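Undergrad: Got a sequence here, can you model it:
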Amino acid sequence: APAPRPAGHGCDQRPPRASHAMAAHEDEDPMTADDQKKINQFSRTNARRHELEEDIAQLKKENEELGDLTDEICLLDDEEPIKYKFGDSYFEVDKSKAEELIEGLAAAKKGELEGLEQELEVCTTELSQLKTQLYAKFGTNINLEE
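TA: Next up, the predicted model:
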C-alpha cells in the first residue's frame, strides 16, 4: 500500500485563497488594453525624453566649444594657415575660411539644438497628459516617477 501523503502536497493542491488585499483590488476598474497602451507609451516617451536631454546637453557643450574655438582663431595671425578637419583628413585653410566653416557648423548645431528642444517640449507635454490620465484611473496603485 502506498504511504499516505501529507495534506497540501501533490497534484490536488489548491491555490491559496484570495487575501483581503486581493479582494479589495478586484473592486477597482480592471486594466484595459488601452490602459496598457498608455503605460507603454509613457515608458517609451519617458525614455525618449532622457535621450533628448542627453543629446541637448552634448550639443550645448559642442556649441560652447565652437565658441571657444572661434575666440582662439581670432587671436591667430591672419597669415597663419589653420588645419581644419574634414572627415578623417586635415586641410590647411586661411583664417577667414576657418571662421566661415566654424560659423556654418555652429549654425547647423544651433538648428539641431532648437529641433531637439522642441521635441523635448512635445515629450514633456505628452508625459504630463499621460500621467494625468493614468493617475486619475489608478491613483496610488501606479508609479510613473523617474
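Undergrad: so what's Glu92 bridging to?
TA: Taking DSSP bridges as the rule, Glu92 bridges to Lys83.
Undergrad: Verify the stated contact: it with Lys85.
TA: No. Here Glu92 lies out of contact with Lys85, judged by C-beta atoms under 8 Å, at a distance of 11.3 Å. Every residue, glycine included, has its C-beta placed from N, CA and C.
Undergrad: all helices of the protein, in order?
TA: Per DSSP state H, the chain carries helices over the ranges 20-26, 33-75, 95-138.
Undergrad: Out of the ones you listed, the one nearest Pro81 is which?
TA: helix 95-138 (8.4 Å; C-beta to C-beta).
Undergrad: Would you mind getting the angle between the closest one and helix 33-75?
TA: Here helix 95-138 runs at an angle of 160 degrees relative to helix 33-75 (axes from the mean of the first three to the mean of the last three C-alpha atoms, to 10 degrees).
Undergrad: could you give the mean pLDDT of helix 95-138?
TA: Throughout helix 95-138, pLDDT has a mean value of 95.
Undergrad: Could you pull out the buried residues of stretch 52-69?
TA: Leu52, Ile56, Leu59, Asn63, Leu66 (16 or more other C-beta atoms under 10 Å).
Undergrad: again, but for stretch 85-94
TA: Buried, per 16+ other C-beta under 10 Å, within stretch 85-94: Val93.
Undergrad: how close does the residue nearest the centre of the chain sit to Gly111?
TA: What sits nearest the mean C-alpha location of the chain, by C-alpha atoms, centre = their mean, is His50, with 2.5 Å. For His50, the distance to Gly111 (C-beta to C-beta, to the nearest Å) stands at 22 Å.
Undergrad: now do Tyr90
TA: With C-beta to C-beta as the criterion, Tyr90 and Gly111 are 26 Å apart.
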